[in-house]
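Engineer: Pasting a predicted model and its sequence here:
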Number of protein chains: 2
Amino acid sequence: MKFNIKDVAKRAGVSISTVSRVINSSKPVKPKTKDRVLEAIEELGYRPNAIARSLKVKHTQSIGIMVPDIANQFYPEVVRGIEDVANMYEYTIFLCNTDLDYEKELQYFTELEEKQVDGLIFMGNLISDALAKQMADAGIPVVLIGTQHDEMPSVTIDNAKAAKDAVCHLIQKGHQRIGIITGKMKDPLMGKARLEGYRQALQEAAISWRSELVVEGGYRFKSGYEGARQLLMLDEMPTAIFVASDEMAIGAMRAILEKGLRIPQDIAIMGFDNVDMAGKVYPSLTTIGQPMYEMGAIGTRLLTKYLQGEVVTASQVVLDYELIERESS
Amino acid sequence: MKFNIKDVAKRAGVSISTVSRVINSSKPVKPKTKDRVLEAIEELGYRPNAIARSLKVKHTQSIGIMVPDIANQFYPEVVRGIEDVANMYEYTIFLCNTDLDYEKELQYFTELEEKQVDGLIFMGNLISDALAKQMADAGIPVVLIGTQHDEMPSVTIDNAKAAKDAVCHLIQKGHQRIGIITGKMKDPLMGKARLEGYRQALQEAAISWRSELVVEGGYRFKSGYEGARQLLMLDEMPTAIFVASDEMAIGAMRAILEKGLRIPQDIAIMGFDNVDMAGKVYPSLTTIGQPMYEMGAIGTRLLTKYLQGEVVTASQVVLDYELIERESS
DNA sequence: TTGTAAGCGTTATCAA
DNA sequence: TTGATAACGCTTACAA
C-alpha cells in the first residue's frame, strides 16, 4: 500500500518527471495536468521518499546534535532552541547523548556522518583531537555551543566576566567573606574561567584570597551540598557563597537550610546558569542567566547560514548573560 | 575528498560487490582480499553512505520520537531512556517537539514518514483521529508512552490507582481535610484519572467530598501556586494537598511557604511524577514516582521487538509506580 | 510544457 | 570466492 512516483505518474497519465516537477514546484507545469497530478497524489496518499531524494540531491535536511546528557537540567532548554530554529529551516534533528565520553562522541559522529547529516551542533567539553580531525575530514559544518575551538564557529558567554559580575554583586551587597564552590578544575570554561572571575572580583575589591573558602565541585547537586557543608564547618563561615552551577547551588541551599540557617540573611547564595528550577525553589535563586534557548537558537541559525552558503561575519559569537537577582542574595 | 564504494573497489583491485561483502560481512570473502579491502577503506577514510544503503534495504535504522516539549521537566528523563536503548539496538532518533498541537503532530509525522523512519515513539495527550489514521496508513509501528489508544501498543502507569494510593497515604498520616490540585479536566489520564483516584480514596475512607477542596490546575508551576493560594483562602484550610504534578506541587509549596506556613507540619504536600527537582527542593517532595527512564527504555524495547518481527505478548504494558516518601508529608 | 533516460551509492541476484 | 548488473525512488539534463 506504499506508492512511489511511478504509481502516481501512471495514475495521472503523465511522466514521472512532471510528477516530480509538481511536487517540488521546480518547473512550470500546465495547471490542468498539475491538477491531475495533485489529484492522483491525493487519491493514492502518496508521500515522496526523502531518502531517495537525498541520495540524488546530496543533502538530507537533517542535522545532528550531540549533547552530554539531555536529562541534565541545563540542556533541554538549549535543545529546544535548536529544534525550533532547525524546524523553521526545515531540518530535523538527530539527538545523541555522549555522556562526555570521547569514545562515544567519535562513534556517534561516525554514525551521523554515514547518515549524511548536513551539519552538526556540538555541546560538551573540549573537543578531542581525534574528533576535531574527523570533523575536518568529513567536511561537515559544525557549530559549538558552550565550548570553543580555534577552528570552529561557536556560541558561548564570557564565563570569567560573568563570574566576576556575580561575585561583585555579592561584594556590593556588603559581603567580604565569600566562598566559592567551583566546577571541575580540568574544565577550562565552566571550571577554571568561573574561578578566575571570582579571583578577579576579589582582587579588584582588595579582598584577600583565602584558600579555605574555595572548594572544588562537580556541577551536580550532591557536590554542591557537600561543598557547602565543608564551608559551613569553617571557624569563620562565609557570609555568601558563589556556586558555579545552579544545581550545585540548590544542593548548597539545602545544606544551609538543614543547619537552620537562613538564606540570604545568614548566608547569601548565588548560582550560575538560570536553570528552570532556579526560579522555582524557595527561596528562589539569584543567578547568572545564560540565555540557553538563545544559545541553541542562535547556534543553529549560524549553522544554517553555513549550510546555505551565506557569508557569516562573526563565527565566534559570545552572547550576553544576565544577572538575575532573586531571593537568595 | 569523499569516496564511495567504487573508489575503494578500484583501489583494492576488486569489484564493488566484494567491498560490499566485507563491509557488511554478508558473505565469505577470502582473508587476503578482505585485508586488501580493509586497507583501502582505511587509506581512503571511506565511510559507507547510509542513505544509499537505506534506499536499497528499505529501512533506515532511525526512529522518530514526538514529545510535547523537551524543556518540560518530565520528558528529558524518558527521552534519555529511549535514546539509550535505541542506541543499543543501533537506531538513531529524530527528536520532535509538538507542543501538544495536533497540527504540528501531523506535520511532523508526515516529515518522519517521508524520511522513512522505521518506527515512532509518541508522547502526548490523546491521539487525534487524523493522526491515528495517518499512522495506520503509513504502516509505521508506533508505541505510545504515557498515553493510550485502543489499537496501539503503549506503556503507562495506572494513574487512578497511583493517585488513590497517594491520597490514602495522606489519610493514613491522619489527614481528613485533603485538597487537590488536578490536571486538566479534558485530559483523561493525568487529569481525570488522578482526580478519580482522589475520589476513590476519600470514598473508601468515608470522607465526604467537598467541592471547595478541588481546584483545577494545568501542570505548570504557576497553576500550582495559584491553586494553593485559592485553597489557603478557605475558611477551613486543608491540612494536606495532593497535587497532580510535581511542578505544580512545587508551586504550591511556594504559596504555602510564603504565607509563613510550615510543610508538612501545617500543610502536607504530595506530588506526582518524581521529576528530578522533587528530591532537590527543600523540603523535599513526597511524590508518586513514575519510572520515567524505564518508560522510555521499555517503550523503545517494545518498539524494537515490532521492528525485528519478534512476537510481542503484552502490547499494553502498565508499569509499577512507587510512592516516594520524603519531607513534605 | 512534457517525456526519456542517466545516475545518486548501495545491495543482492545470478553467473562464472 | 568473486564480478556484472539490475534494482531502490528520486531529480535533472537534454530532447522533443
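Structural biologist: Thanks, I have the structure now.
Engineer: Strands of the stretch 151-300 of chain A, start to end?
Structural biologist: Taking DSSP state E, counting those that start in this stretch as the test, the strands found in the stretch 151-300 of chain A are A:154-157, A:178-182, A:214-216, A:240-243, A:268-273, A:286-289.
Engineer: Redo these as JSON lines? Include mean pLDDT and distance to DNA strand C.
Structural biologist: C-beta: built from backbone N, CA, C; applies to glycine. Formatted as JSON lines, those follow (pLDDT from 0 to 100; distance: least, Cβ to the nearest atom of the strand, whole Å):
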{"stretch": "strand A:154-157", "mean pLDDT": "98", "distance to DNA strand C": "30"}
{"stretch": "strand A:178-182", "mean pLDDT": "98", "distance to DNA strand C": "47"}
{"stretch": "strand A:214-216", "mean pLDDT": "97", "distance to DNA strand C": "47"}
{"stretch": "strand A:240-243", "mean pLDDT": "98", "distance to DNA strand C": "50"}
{"stretch": "strand A:268-273", "mean pLDDT": "98", "distance to DNA strand C": "42"}
{"stretch": "strand A:286-289", "mean pLDDT": "98", "distance to DNA strand C": "46"}
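Engineer: Quick one: closest of those strands to residue A:229.
Structural biologist: Of all these, strand A:214-216 sits nearest to residue A:229, with 9.7 Å by Cβ to Cβ.
Engineer: Those residues of the stretch 201-329 of chain A touching chain B, which are they?
Structural biologist: Within the stretch 201-329 of chain A, the positions adjacent to chain B are A:221, A:247, A:250-251, A:253-254, A:257-258, A:276-277, A:280-282, A:293 by Cβ under 8 Å from any Cβ of the partner chain.
Engineer: Which members of those are the farthest-apart pair?
Structural biologist: A:258 and A:293 (33.2 Å).
Engineer: ok, these two, which is more surrounded?
Structural biologist: residue A:293 (17 against 14; other Cβ atoms under 10 Å in any protein chain shown).
Engineer: Report the separation between that one and residue A:311.
Structural biologist: 26 Å (Cβ to Cβ, to the nearest Å).
Engineer: same deal with residue A:74?
Structural biologist: Separation of residue A:74 from residue A:311 (Cβ to Cβ): 32 Å.
Engineer: In terms of neighbours, single out the busier of the two.
Structural biologist: The residue with more neighbours, out of residue A:74 and residue A:311, is residue A:74; 24 against 6, by other Cβ under 10 Å.
Engineer: ok, that one - contacts?
Structural biologist: Neighbouring residues of residue A:74 by Cβ atoms under 8 Å, 6 or more residues apart in numbering or on different chains: A:245, A:273, A:275, A:292.
Engineer: Tell me the one of those nearest residue B:52?
Structural biologist: residue A:292 (37.3 Å).
Engineer: tell me the pLDDT at that closest one?
Structural biologist: Residue A:292 carries a pLDDT value of 98.
Engineer: wait, doesn't it sit right on residue A:81?
Structural biologist: Yes. In this structure, residue A:292 is within contact of residue A:81 by Cβ atoms under 8 Å, at 6.9 Å.
Engineer: what's the burial count for the closest residue to chain B within the stretch 101-250 of chain A?
Structural biologist: Using Cβ to the nearest Cβ, the closest approach of the stretch 101-250 of chain A to chain B is made by residue A:114 at 4.3 Å. Applying other Cβ under 10 Å, we find 17 residues neighbouring residue A:114.
Engineer: roughly how far apart are it and DNA strand D?
Structural biologist: Distance, residue A:114 to DNA strand D, by Cβ to the nearest atom of the strand, to the nearest Å: 16 Å.
Engineer: Run through the residues that contact the closest residue to that residue other than its chain neighbours.
Structural biologist: Among residues not flanking residue A:114 along the chain, residue B:50 sits closest, at 4.3 Å (Cβ to Cβ, 6 or more residues apart in numbering or on different chains). Contact analysis of residue B:50 by Cβ under 8 Å, 6+ apart lists A:114, A:115, A:116, B:60, B:61.
Engineer: ok, now residue A:128?
Structural biologist: Residue A:128 neighbours (Cβ under 8 Å, 6+ apart): A:102, A:105, A:106.
Engineer: Would you list the buried entries among the residues you listed?
Structural biologist: A:102, A:105 (16 or more other Cβ atoms under 10 Å in any protein chain shown).
Engineer: Out of the contacts of residue A:128, name the ones that lie in helices.
Structural biologist: A:102, A:105, A:106 (DSSP state H).
Engineer: any idea which of the residues you listed is closest to residue B:173?
Structural biologist: Closest to residue B:173, out of all of the ones in helices among the contacts of residue A:128 and judged by Cβ to Cβ, is residue A:105, at 48.5 Å.
Engineer: Noted, bye for now.
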